[in-house]
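**Student:** got a sequence here, can you model it:
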Amino acid sequence: MTAHERPFGRALEDFVVGDVYRHWPGKTVTEYDDHLFCMITMNHHPLHTDAWYAENDTPQGRNVVVGNLVYSLVLGMSVPDVSGSCIANLEVESLQHKKPTFHGDTIYAETRVLDVVESKSKPDRGVVTVETKGFNQHGDEVCYFRRKLLVWKRDALPVRRRPYENAWD
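**Tutor:** Numbering: from 1, shown residues only. Sure, this is the predicted structure:
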């Protein structure tokens, strides 16, 4: 028997400049998702929560999904492929909302590795710079951000343990 571990994040040595990770699955954003996120984050702008206002008083003519929800979804989609085993997210260098997202749109994401630098002061880690893009179901880029991650080298990755480690024995 072979036990298969699903990767969750990567070690520094796994990142290659130019590589692209296409994150899966996508997420269809519902009106409920948008309204809940707005209420949790105290963003009560009527563009996101008031259909009459959006239809009558905005250029889009309908509710727009709050941008931070779109960013959060795209960031979350990237975690298993990019930052799931990193030490820390160091910074978001830029964040751009390129086009509006509407209720019922499905968001997909992909990440490109831009730079990989070993630490000069700590030999067990390094910094990876990536850019991540979110797209809707039509292929329109709706979100872009660039960030830096502090990442373990392979030999320093913490061991993943489970309380039921030998349940199949």
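**Student:** excluding chain neighbours, what is closest to the residue nearest the centre of the chain?
**Tutor:** The centroid of the chain falls nearest to L75 when counting by CA atoms, centre = their mean (1.4 Å). Excluding its sequence neighbours, the residue lying closest to L75 (CB to CB, 6 or more residues apart in numbering) is T132, at 7.0 Å. Quick note: C-beta positions are derived from backbone N, CA and C, even for glycine.
**Student:** quick one, phi/psi of that neighbour?
**Tutor:** phi -120, psi 140 (degrees, to the nearest 10).
**Student:** now do it, the pLDDT please.
**Tutor:** We have a pLDDT of 98 for T132.
**Student:** in contact with it, which residues?
**Tutor:** 74-75, 78, 82, 109-112, 144-147 (CB atoms under 8 Å, 6 or more residues apart in numbering).
**Student:** what mean pLDDT does the helix ranked longest in the chain have?
**Tutor:** Criterion DSSP state H: the longest helix present in the chain is helix 67-78. What helix 67-78 shows for mean pLDDT is 98.
**Student:** next, the angle helix 67-78 makes with the helix or strand following that helix.
**Tutor:** Using DSSP states H and E, the helix or strand that follows helix 67-78 in sequence is strand 88-97. With axes from the mean of the first three to the mean of the last three CA atoms, to 10 degrees defining the directions, strand 88-97 sits at 130 degrees from helix 67-78.
**Student:** and strand 88-97, how far out from the chain middle?
**Tutor:** Centroid separation for strand 88-97 versus its chain: 11 Å, with CA atoms, centre = their mean, to the nearest Å.
**Student:** ok, now stretch 81-90?
**Tutor:** On CA atoms, centre = their mean, the centre of stretch 81-90 falls 11 Å from that of its chain.
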